[in-house]
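Colleague: coordinates only, sequence not included:
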């Protein structure tokens, strides 16, 4: 129940962040989507044991988040919640790959630990980017962007409706859940049968609601196709944004930038 | 100006399972009239309303809107002329933002984007909700939702407004704003409601529906003064009349 | 379980997105062709329902732990395969964005794993035939449970294959499979029970809802024969993939093994590792697999040296790693600095607006 409320609050927070105003928010969603995907592809294309080479990619979510006025804590908190599964699978790497790959001082570090760290770093990069993308764009804009990028219209419309009614249904679920909690004791009443009837009721109400929405749509002339207002404009700024960042990701992939930096520093230090 | 007349003749409707809902309703509403439709729950008000824009087809009798009997061929024109506002705004605001919702109707009419934008702004301004244009519906208060729902219909430039319980779930201030707004509209208004005081304020004429039939059709003050009639129809006098000399 | 970006390779991610994208496009076309425009609001709202329903937990009988509805089967029963696939895709998209469930590249895998199998395999080949022409409560339960199990097993297997093919995780195929399939068997049973319970509730209250599924794209007369054929096809595909995996591309599997190889370690000196290694040998699906592996162990040393083996990715070199580490730390500091500076800038700019 606190689960539902927490999730709803969460959704609300992210939604609100998306409606702030900043240079990043004003970018065309297509530019942001493409750049984010470019980062993710770049990140996962690194060899399994690379760690420091991946680090420059962090600039993207950090810069985007900072310019977009997204509180770091929000992103980090969600990242924490998403890590457990990856952590679990990732931990098998040190288990199965024990050959020493790296010696620091007298300590040997196995390839498994390197790849484990790489996995965690990838996780932070890819998931962090997805979260920041959402936080500075928002589902409605992402939907519009996807449609212009070629996603099927039916899918996008459906996504937008889902998003619209998420909060409504979430609140209904919350109310029903609270009502259930009030009448269940010691965990009785939250079993399979009770939950099934709760879900069943919610579904029936959902079906009724769908019918009413349909009536309202028909009453305003709906004839099968939901037309969306076209308000996106791809500008030179958007192009520069996407091209610039993509170029950076390619460079980071081709050359190990931190190592170069380290070499320079080491060279200077000598 | 015949295209603003709503004419219902011996309207009959039975639910798919056979239960009769409307058992011969007839009335004629002319251009610019403001009519309240009252009755107890289950009397058939909502069902009646749904006939007025062709959402439900009668099992007997006819409905005419202006020059058109409501048939499959005339549905589009009817829905442009008759703007229906439903009880629950959440069912009518299904787009990502209020502006998108108001644009839905005009876009379906095939209007060009620039014209759509003009209509959206005009409709929202008319209900005092222009500042809500980019707001998602779930961030609107009850009164704001109600206003935007009305705007979604206004943007189609209807001649007739049909409303089902417009003042339900509104706080007193929102309700007052709604009444003032509706009063300023020139459209023909048909309002089904429990809110008898709203009817008093807005509708010179009242039709009482009882068990699928018309029990009364006349000037509002007269109808509301007929105590035996009201009692028969499971109604009471308007709240603002309590304590008044009978 | 969801596939994660952190464990995926571009090839697998891209490939699965291609498969998912094609299925999405095809499904969208099918849905648009369908005359019933009632579906438009229905799909969206049911998607929201599934999302909300997934937030409602229930206690699992006997275990005391809690679970929640997946919903793929319910969607397919109510909407038909094509619409259900679109709805599942949108639910997963929202989850990927809001809850960082898996990631955007792995989204292609997840939509396929969790959307394709229930809608296009479990529903037509298991659920419908088992439900039959004259559904009863018992048949509904049976159909739901078996269909849910099969759908989830296939989905879980998908995750395994995608992970192993990607080569980021060192988890060997058989160990992973041994973990995933039994867990998802349990999840499948629970999912099936909840699905059956909800569907029968709705069915009693509104029988016409179940007939909704009857009006879908006709899949033809489904019979037991078709069920068996479907299962047979699934088995052949799976078996084929496995044997291809093991025989035509031995490197694929052990590659993760000997690439940086615990080749010496694979014999296993420590307890856990030894047990796992032994377990792995014992559970090899195909008899050749274990054999090939040990073959490779011997040849590996020469193999790696001779072939300059397969991998296109440069192997990390310990010597240059010190620079890498120093540079890496500096990069991190730069990233943090960027964050602070930009935030300050935005705040002062924002104050002006």
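Modeller: Looks like it arrived, so ask away. Quick caveat: nothing in here was measured; it's all calculated off a predicted structure.

Colleague: which helices and strands sit right next to the lowest-mean-pLDDT helix or strand in chain A?
Modeller: Sorting the helices and strands of chain A by mean pLDDT, DSSP states H and E puts strand A:100-104 at the bottom, at a mean of 76. In this structure, strand A:100-104 makes packing contacts with strand A:107-110, helix A:111-137, helix C:318-352, judged by 3 or more Cβ pairs under 8 Å, 6 or more residues apart in numbering or on different chains; DSSP states H and E. Where C-beta positions appear, they are placed from N, C-alpha and C, glycine not excepted.

Colleague: report the inter-axis angle for that strand versus helix A:111-137.
Modeller: Put simply, strand A:100-104 runs at 80 degrees to helix A:111-137, going by axes from the mean of the first three to the mean of the last three Cα atoms, to 10 degrees.

Colleague: so in that sheet, which strands flank strand A:100-104, and in what orientation?
Modeller: Applying DSSP bridges, strand A:100-104 is found paired with strand A:107-110 (antiparallel).

Colleague: can you list contacts of the strand it pairs with?
Modeller: A:94, A:97, A:98, A:99, A:100, A:101, A:102, A:103 (Cβ atoms under 8 Å, 6 or more residues apart in numbering or on different chains).

Colleague: now the closest residue to chain C within chain A: closest residue in space that isn't a chain neighbour?
Modeller: Nearest residue of chain A to chain C, counting by Cβ to the nearest Cβ: residue A:161, 2.4 Å away. Take residue A:161 and drop its neighbours on the chain: the residue closest to it by Cβ to Cβ, 6 or more residues apart in numbering or on different chains is residue C:44, 2.4 Å away.

Colleague: repeat for residue A:7
Modeller: Nearest non-adjacent residue to residue A:7, counting by Cβ to Cβ, 6+ apart: residue C:55, 5.3 Å away.

Colleague: quick one: that neighbour and residue A:176 touch, right?
Modeller: No. Look at residue C:55 against residue A:176 with Cβ atoms under 8 Å: they stay out of range, at 11.3 Å.

Colleague: how about the contacts of strand A:107-110 in a markdown table, adding neighbour count and distance to residue A:115?
Modeller: Putting the contacts of strand A:107-110 into a markdown table (neighbours: other Cβ atoms under 10 Å in any protein chain shown; distance: Cβ to Cβ, whole Å) gives the following:
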| residue | neighbour count | distance to residue A:115 |
| --- | --- | --- |
| A:94 | 18 | 8 |
| A:97 | 27 | 7 |
| A:98 | 24 | 12 |
| A:99 | 16 | 11 |
| A:100 | 14 | 13 |
| A:101 | 21 | 9 |
| A:102 | 21 | 12 |
| A:103 | 13 | 17 |
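
Colleague: can you pull out the low-pLDDT segments for the chain?
Modeller: Chain wasn't specified; assuming chain A. Within chain A, the segments meeting pLDDT under 70 span A:1-2, A:186-190, A:270.

Colleague: that answer is for a different chain, and I need it for chain C
Modeller: Chain C contains residues with pLDDT under 70 at C:35, C:61-65, C:210-324, C:349-353.

Colleague: hang on, the earlier thing: which element follows the helix or strand hosting the residue nearest to residue A:161 toward the C-terminus?
Modeller: According to DSSP states H and E, residue C:44 maps onto helix C:39-53. Using DSSP H and E, the next helix or strand after helix C:39-53 towards the C-terminus is strand C:58-59.

Colleague: how many other residues sit next to residue B:122?
Modeller: Counted with other Cβ atoms under 10 Å in any protein chain shown, residues neighbouring residue B:122 total 15.

Colleague: and if you look at residue A:124?
Modeller: Using other Cβ under 10 Å, residue A:124 has 22 neighbouring residues.

Colleague: please apply the same query to residue A:224.
Modeller: Using other Cβ under 10 Å, the number of residues around residue A:224 comes to 12.

Colleague: what are the phi and psi angles of the residue lying closest to it once chain neighbours are set aside?
Modeller: The spatial neighbour of residue A:224 that comes closest, neighbours along the chain excluded (Cβ to Cβ, 6+ apart), is residue C:37 at 4.3 Å. For residue C:37, the backbone dihedrals (degrees, to the nearest 10) come out as phi -80, psi 0.

Colleague: from residue A:15, how far out is residue C:37?
Modeller: Applying Cβ to Cβ, to the nearest Å, the value for residue C:37 to residue A:15 is 28 Å.

Colleague: now do residue C:28
Modeller: On the measure of Cβ to Cβ, residue C:28 and residue A:15 end up 26 Å apart.
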